[in-house]
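**Student:** show me the folded form of this:
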Amino acid sequence: MFINKNINLNNLFNQKILVSMFFLTYLIIGLYIFKDYGISFDEDIQRIMAQNRIEYIQIFISNFFLLSDNEVKNISLISPEYGVAFELPALMIEKIFGFSDTRSEYLFRHLLIFLTSFIGSICFFKLVKKKFNSWKVGLIGVFLLITTPRIFAESFYNSKDIIFMYLFIINTYFAIKFLDNPNSYNSFYFALFSAFCIGVRVIGIILPIITFYYLWIRCLRNDYKKNIRMKVLIFFTSFIFFIILFFPTLWENPLKSLIYSLASFRSYDHEFLNFYLGQYVHPKTIHWYYFPLWIFITTPFIVVIIFIYGLVFSLYRIFNRLIRISKNKELHDLWRGPIEFYDLFFITFIIVPIFLIIVFKSASYSGWRHLYFIYPFIIIIGLTGLRLFYIKLLRIKNMRIIIFFKLIFSSFLIYNIFWLYTNHPFQNNFFNFLAGDKPHINYEVDYWGLSNKFALEKIINEDDRKLINVSRISDTSLSHNINILTEQQKQKVNYVVDIDKSDYIINNNIFFRGDFKKVRKILSNFDVYYELFVDGTLVTTIYKSKYPI
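**Tutor:** Numbering: from 1, shown residues only. Predicted coordinates:
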């Protein structure tokens, strides 16, 4: 009796040690490399938007307490449909620390993005562990998530899609806790993180909507032995308070502004084109398979395989449950036990967003980053497939086959780490073999313009002149990445608009309007100086003038 207790305590201790070491390693790596990444073209806009909201809040408060008949001050809101639940606190913390140069500001911003992602990864571990009742599967799930190259890289600079993905994970964790046990504690925290999600991206509203749909089904099933009306009231009261708090543009007219924000994403339209399958296509006319295509060619192949297997199995099981559902037979139910319910719940968050985007023809840009928030559920369903396949192997009772399977799966995981290491810090340009030998011919690659930092540093380090004229022909701005250079490096760079007056031209082949053919004419006086390839994919080309100024 005492021996078993000691064994259990030892197992628990070893579990905590291994999990702690895993996340500590991830944290140390992140703190060591967060300075290596460039600035995405959206980052300055996000900071400007946060500053705009600070000014709006100041004026709103002053107007609210204005007792005289003086003219009420107004401020022009920048993109009022966007929430700033992350951007606003990040900018305020930045101001508290008092950074005085753009390099420090953006590096600190990248640090905050990583730390938020790190916290989100811990919550993903808890979510997977809860679903499979296994800390080992939890670690495998987190490992697959954070070693997905594009997810790994964007966890250092993408304050919209990645931050939203990790907040969605956290919110899903509390949604599950709320559905399993709708008490006051779970109701409050589910409301808090639901509002936080919407405060980053308004599409986050689908999580509470779907959650309450399943809550309604579970009530019809009599899954709850107590009255939960008061807990639901706690949720909605807290939710309304927090969503208005986290979304300043809702303060004047909450309902009208929220409806506008939701509607704007259906009609949201820039004059930008998407490049895929070798063609420039308007976002409103993309094919229905646009998102599945991008997901399959930019995700590690092992995740693709186990996801397809898990999805087919889960959908087959759900379909059989559905057609045989009966009130009189417990076995013929929509789900049997919490694990099957979780599968159904998670699959909903994969299918519904893709379905809505296809049906409403919502404009989307730059791959599938707007749908990153469904990727954790792709991994979870993949783990379901992996677990099922492993159980079938155990039934065969052939240790050689089981060991071979473990070696194959482990080799994929090791390859992920090797790829991340050898292609640092350009992991955002990952394609698997499904994209072909030269993905840059058919798909847009460095749409963030992050490689511009590398190109600038290479020119500065290899050219001895005191002042170097640099220009670009692609649509991703150089000025953003000049901002993250050191002061000494900035003094050597002169960003010129007139290409004829430049010593070097940087081209990362991103042309949002499809005017890439002009490159042939412009570069007649320039030679290729350097080409940056990532695993066979051309990312950036540096051209040098034949006649230096």
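
**Student:** quick one, phi psi at N222?
**Tutor:** Main-chain torsions, N222, degrees, to the nearest 10: phi 60, psi 40.

**Student:** just give me the neighbour total for it.
**Tutor:** N222 is flanked by 7 other residues according to other Cβ atoms under 10 Å. For the C-beta atoms, the positions are set from N, CA and C on the backbone; glycine is no exception.

**Student:** tell me the pLDDT of it.
**Tutor:** pLDDT recorded at N222 is 85.

**Student:** now the helices for the stretch 301-450 of the chain?
**Tutor:** 301-323, 337-360, 375-396, 399-422, 439-442 (DSSP state H, counting those that start in this stretch).

**Student:** possible to save those helices as JSON lines with mean pLDDT?
**Tutor:** Putting the helices of the stretch 301-450 of the chain into JSON lines (pLDDT from 0 to 100) gives the following:
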{"stretch": "helix 301-323", "mean pLDDT": "91"}
{"stretch": "helix 337-360", "mean pLDDT": "90"}
{"stretch": "helix 375-396", "mean pLDDT": "93"}
{"stretch": "helix 399-422", "mean pLDDT": "92"}
{"stretch": "helix 439-442", "mean pLDDT": "92"}
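
**Student:** F193: which element?
**Tutor:** With elements taken from DSSP states H and E, the one containing F193 is helix 184-200.

**Student:** contacts for the helix or strand that that helix is followed by?
**Tutor:** Where DSSP H and E defines the elements, the next helix or strand beyond helix 184-200 is helix 206-220. The contact list for helix 206-220 (Cβ atoms under 8 Å, 6 or more residues apart in numbering) reads 168, 171-172, 175, 178-179, 182, 190, 194, 197, 224, 228, 232, 235, 239, 334, 341, 345, 348-349, 352-353, 356.

**Student:** show me the domain layout of the chain.
**Tutor:** 1-39+80-87+99-268, 445-545 (automatic domain parsing).

**Student:** to F275, which of the ones you listed lies closest?
**Tutor:** Among those, the nearest to F275 by Cβ to Cβ is domain 445-545 (7.6 Å).

**Student:** gap between the two ends of that closest one?
**Tutor:** 25 Å (Cα to Cα, to the nearest Å).

**Student:** sorry, back to before: need the domains of the chain in a markdown table (columns: distance to L407).
**Tutor:** A markdown table is the format used below for the domains of the chain (distance: least, Cβ to Cβ, whole Å):
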| stretch | distance to L407 |
| --- | --- |
| domain 1-39+80-87+99-268 | 15 |
| domain 445-545 | 24 |
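
**Student:** tell me which of those sits nearest to I378.
**Tutor:** domain 1-39+80-87+99-268 (9.5 Å).

**Student:** centre of the chain to that closest one, how far?
**Tutor:** When distances are taken as Cα atoms, centre = their mean, to the nearest Å, domain 1-39+80-87+99-268 is centred 12 Å away from the chain's centroid.

**Student:** all numbers from here: first residue = 754
**Tutor:** Done: numbering now begins at 754, and the last item shifts to domain 754-792+833-840+852-1021.

**Student:** all strands for this protein, in order.
**Tutor:** Applying DSSP state E to the chain gives strands spanning 1027-1029, 1032-1034, 1221-1225, 1246-1248, 1257-1260, 1279-1287, 1290-1298.

**Student:** which residues does the third one contact?
**Tutor:** Contacting residues not belonging to strand 1221-1225 are listed as 1205, 1209, 1212-1213, 1231, 1245-1252, 1254-1260, 1302 [Cβ under 8 Å, 6+ apart].
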